[in-house]
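*Asks:* below is the sequence, then the predicted model.
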Amino acid sequence: MNAQTFNISIEEPTLIFDNGWTPFAPNADTGSLNAQVINGLAIVGTDAQINNFEVIGNSNSLFLNTSFTILGNLSTDGYIGATDGELVFSGSGAQSISGDGIIDIGQVTMTGSNTISITSVMNIHDLFTPASTTINTNGNIVFRSDMNGTAQ
């Protein structure tokens, strides 16, 4: 018998939304995975975390009504809407919020001591809570107030 050595590599899946999540939607246990919205209106209806998240294409969207933690980078060429939701940026290294799209969010919380660079328009409708974080806004954070409340 001849002995042979085999190397097996198991790659983590990328969560893809193409008018439905494949292989499954982001959740509390998906912090090591990346996710993309490539077609349609994606909804995340439970508290979730993800490494890198991307909305590809200006006709695609993500809607949240929960807490969504980003451990890596966020990029959108479409729309991210979550006026009742919260985006938490909790990466251990530098993070970026980029793209040509628009983010309409209720709350934004930044934890840790990492650097965050924002090059996408981010409308905050409720509360912005930075920690001991260096934030390069590039003029892209807008506090939106209306008859329902004052952004702060």
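*Replies:* Happy to help now that I have it. Numbering: from 1, shown residues only.

*Asks:* the nearest residue to residue 152 once chain neighbours are set aside sits in which helix or strand?
*Replies:* Closest residue to residue 152 apart from its sequence neighbours, by Cβ to Cβ, 6 or more residues apart in numbering: residue 127 at 5.9 Å. Backbone N, C-alpha and C define where each C-beta goes, glycine included. Under the criterion of DSSP states H and E, residue 127 resides in strand 121-129.

*Asks:* could you do residue 49 as well?
*Replies:* Going by DSSP H and E, residue 49 is in strand 48-50.

*Asks:* note down every partner strand of the helix or strand following that strand and its orientation.
*Replies:* Using DSSP H and E, the helix or strand that directly follows strand 48-50 along the chain is strand 53-55. Strand 53-55 sits in its sheet next to strand 34-39 (parallel), strand 74-76 (parallel), going by DSSP bridges.

*Asks:* how about the ones you listed, which one is nearest residue 86?
*Replies:* Nearest of these to residue 86, taken as Cβ to Cβ: strand 74-76 at 13.2 Å.

*Asks:* wait, residue 87 touches residue 62, no?
*Replies:* No - using Cβ atoms under 8 Å, residue 87 is not in contact with residue 62; the gap is 10.4 Å.

*Asks:* so which of these two has more stuff around it?
*Replies:* For residue 87 versus residue 62, neighbours defined as other Cβ atoms under 10 Å are more numerous around residue 62 (27 against 23).
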